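Visitor: Task: produce atomic coordinates for the following.
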Amino acid sequence: MLGRRSRAYKAALAALAAAAAFVCGPAGAECTLIDDMREYASTQVQREDERRLALASAELARELERRGMAPGPGDVTRCWVQKVSNLILNINVEVRSETGAARYRGSVDIRGNADEAWLRGVRRLAENLDEQRRAPR
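Guide: Down below sits the predicted model:
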């Protein structure tokens, strides 16, 4: 019973962390990390995760800018990376207008915890968002 409560508690904390990820202007998005095992990771692994978050955030900002999708001054942007394991990660982004209407949102799963895997995931996420934006409704 305690195990189920612990998992539910961790899931609730992850949801709250994602919901409070960040608000940004046109400069771009800084992704946050959700990792239930972070407290058990070495200092080196934690530094690598922080560096990859910065790398992914910068790449996301470049990709959105390049595609004409950069968040505007009043937009609310949330970006988070959920680290399920060192093999499975999920990158998410959501941009809402000042009124709260979703401009775009998306998610990609990546396999691997290396710089190139994160960058490839961010590029694919931006590509998917651009395709959604261009699709007839």
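Visitor: For Val93, which non-adjacent residue is closest in space?
Guide: Cys79 (4.6 Å; CB to CB, 6 or more residues apart in numbering). All C-beta spots, glycine's among them, are computed from the backbone N, C-alpha and C.
Visitor: Now do the same for Met69: helix, strand or coil?
Guide: Here Met69 is recorded as coil under DSSP: H, G, I helix; E, B strand; the rest coil.
Visitor: Could you double-check that it lies in contact with Asn128?
Guide: No - judged on CB atoms under 8 Å, Met69 makes no contact with Asn128 at a distance of 11.4 Å.
Visitor: contacts for the helix or strand that contains Val93?
Guide: For Val93, the enclosing helix or strand under DSSP states H and E is strand 88-96. Residues outside strand 88-96 that contact it (CB atoms under 8 Å, 6 or more residues apart in numbering): 18, 29, 31, 56, 60, 69, 71, 75-84, 102-111, 113, 117-118, 121-122, 125, 129.
Visitor: Now with 7 Å, please.
Guide: With CB atoms under 7 Å, 6 or more residues apart in numbering as the test, strand 88-96 has contacts from 29, 56, 60, 71, 75-84, 102-111, 113, 121-122, 125.
Visitor: Can you give the strand pairings for it, parallel or anti for each?
Guide: Here strand 88-96 has these sheet partners by DSSP bridges: strand 76-83 (antiparallel), strand 102-111 (antiparallel).
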